[in-house]
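In: got a sequence here, can you model it:
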Amino acid sequence: MKLQATYNNDHKSLQLSQPARGKPLNIGEGFEALSFKHDQFSGLMDPLVMLDHYTMSRPTFGAHPHAGMSALSILFEDSEGVFNNRDSLGNNIGLLPGDAYWLKAGSGAVHDEKPTEGSRTHGLQIFVNLPQRHKQDAPTSRHVPSSAMPVITGEGFRVRVVLGESNGTQGPQSPALPLTALDAFLDAGSEYAHDVDAHQSLLVYAASGHLTVRLGDQDIHLPEQHAIAMQPGASTQTLHLASAKGAHFVALQSAPVHEQFVQKGPFVMSTMADIQKVTAAYEAGQFGPIAE
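Out: As a prediction, this is how the structure comes out:
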């Protein structure tokens, strides 16, 4: 199947992928997800490496390392209970429904996240690449409570600005590369417009319901649990998102890194030799202990 198309709009190049569905991922008895990977979008997902739309009801992964990338967790508002987040930066945080947590792993950090007893976490786990010049930065993080996220409301739409900016509304900023994350809801027959800045990339994911994605004179049907990636080229494009029967969608926008990378599990580095180095550093205990 053709994964990428290029359209001309006022002589400006717009690159747009075909809609792609995530691959089912089940781990143990308490974790199920739809997983999207960068290679499904012909490079248009950059700087995103992967996205998991998951539900977790039991501890699944245990303490694990990250390096060379950022891990962004967005909890949907229908999550139940508390999602415990611990890491080697000294954090021990109970994330609540609607919260977000950004871990810029940089040179290396250890992370553990799990629902507490009786809790059910529903949300997104997103890996964001770091440019080579930042892969050895000291790790840092940011917890964004739901109460700190501005909400844009209008006729038939409600948009949580988890990070970044939309239509002049400024939300919290990430501790790494600037990224806009919108968690949005459309009523039946409604529409939301968002400007995609020139030379940035955007991924739209229909978490529930069906969307019509409109850019210029292009209308693309985005089925439920499908994602589409795009880069507008040299001009800002206005993205129109509409739904005939109502939908919940997420939009993620950032500047592409435009660098080759190698991913091996929780490590995203420039070369395989770099993967071997950070693996050795982690095994030698250089990422530090997990917070208790």
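In: stretch 231-246: how far from the chain's middle?
Out: 18 Å (CA atoms, centre = their mean, to the nearest Å).
In: what's it in contact with?
Out: Stretch 231-246 is contacted from outside by 9-10, 12-15, 44, 184-202, 204, 209-216, 249, 251, 256, using CB atoms under 8 Å, 6 or more residues apart in numbering. Heads up, the C-betas are built off the backbone N, CA and C, glycines and all.
In: out of those residues, list just those in strands.
Out: 9, 12-15, 184-186, 190-196, 201-202, 204, 211-215, 249, 251 (DSSP state E).
In: which of those residues are buried? Put it as a PyMOL command.
Out: Burial among those is assessed by 16 or more other CB atoms under 10 Å; the matching PyMOL selection reads:
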select buried, resi 14+15+184+185+186+190+191+192+194+195+196+201+202+204+211+213+214+215+249+251
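In: what does residue 282 show for phi and psi?
Out: phi -60, psi -50 (degrees, to the nearest 10).
In: how near is it to residue 110?
Out: 8 Å (CB to CB, to the nearest Å).
In: find residues that contact each of these two.
Out: Between them, residue 282 and residue 110 share the contacting residues residue 65, judged by CB under 8 Å, 6+ apart.
In: what about the strands in the stretch 51-200 of the chain?
Out: For the stretch 51-200 of the chain, strands defined by DSSP state E, counting those that start in this stretch occupy the ranges 64-66, 69-75, 83-87, 92-95, 100-104, 109-115, 121-129, 140-144, 151-154, 157-163, 165-166, 169-170, 179-186, 190-196.
In: among those strands, which comes closest to residue 23?
Out: strand 121-129 (14.4 Å; CB to CB).
In: run through who's touching the closest one.
Out: Residues from elsewhere that reach strand 121-129, judged by CB under 8 Å, 6+ apart: 33, 46-57, 68-76, 78-81, 83, 115, 176-177, 179, 205, 250, 252, 254, 257, 259, 261, 263, 268.
In: select only the buried ones of the residues you listed in PyMOL?
Out: In PyMOL syntax, the buried subset of those is picked out as below (16+ other CB under 10 Å):
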select buried, resi 33+46+47+48+49+50+51+52+53+54+56+57+68+69+70+71+72+73+74+75+76+79+81+83+115+176+177+179+205+250+252+254+257+261+263+268
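In: in JSON lines, list the strands of the stretch 51-200 of the chain along with distance to residue 277 and mean pLDDT.
Out: Below are these laid out as JSON lines (distance: least, CB to CB, whole Å; pLDDT from 0 to 100):
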{"stretch": "strand 64-66", "distance to residue 277": "13", "mean pLDDT": "95"}
{"stretch": "strand 69-75", "distance to residue 277": "15", "mean pLDDT": "97"}
{"stretch": "strand 83-87", "distance to residue 277": "21", "mean pLDDT": "95"}
{"stretch": "strand 92-95", "distance to residue 277": "29", "mean pLDDT": "96"}
{"stretch": "strand 100-104", "distance to residue 277": "19", "mean pLDDT": "97"}
{"stretch": "strand 109-115", "distance to residue 277": "16", "mean pLDDT": "95"}
{"stretch": "strand 121-129", "distance to residue 277": "17", "mean pLDDT": "97"}
{"stretch": "strand 140-144", "distance to residue 277": "21", "mean pLDDT": "96"}
{"stretch": "strand 151-154", "distance to residue 277": "43", "mean pLDDT": "97"}
{"stretch": "strand 157-163", "distance to residue 277": "30", "mean pLDDT": "98"}
{"stretch": "strand 165-166", "distance to residue 277": "36", "mean pLDDT": "96"}
{"stretch": "strand 169-170", "distance to residue 277": "38", "mean pLDDT": "97"}
{"stretch": "strand 179-186", "distance to residue 277": "27", "mean pLDDT": "98"}
{"stretch": "strand 190-196", "distance to residue 277": "36", "mean pLDDT": "95"}
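In: with distance to residue 244 as new columns, can those be given to me in a markdown table?
Out: Shown next, in a markdown table, are the strands of the stretch 51-200 of the chain (distance: least, CB to CB, whole Å):
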| stretch | distance to residue 244 |
| --- | --- |
| strand 64-66 | 40 |
| strand 69-75 | 26 |
| strand 83-87 | 33 |
| strand 92-95 | 34 |
| strand 100-104 | 29 |
| strand 109-115 | 34 |
| strand 121-129 | 24 |
| strand 140-144 | 32 |
| strand 151-154 | 18 |
| strand 157-163 | 14 |
| strand 165-166 | 23 |
| strand 169-170 | 26 |
| strand 179-186 | 10 |
| strand 190-196 | 10 |
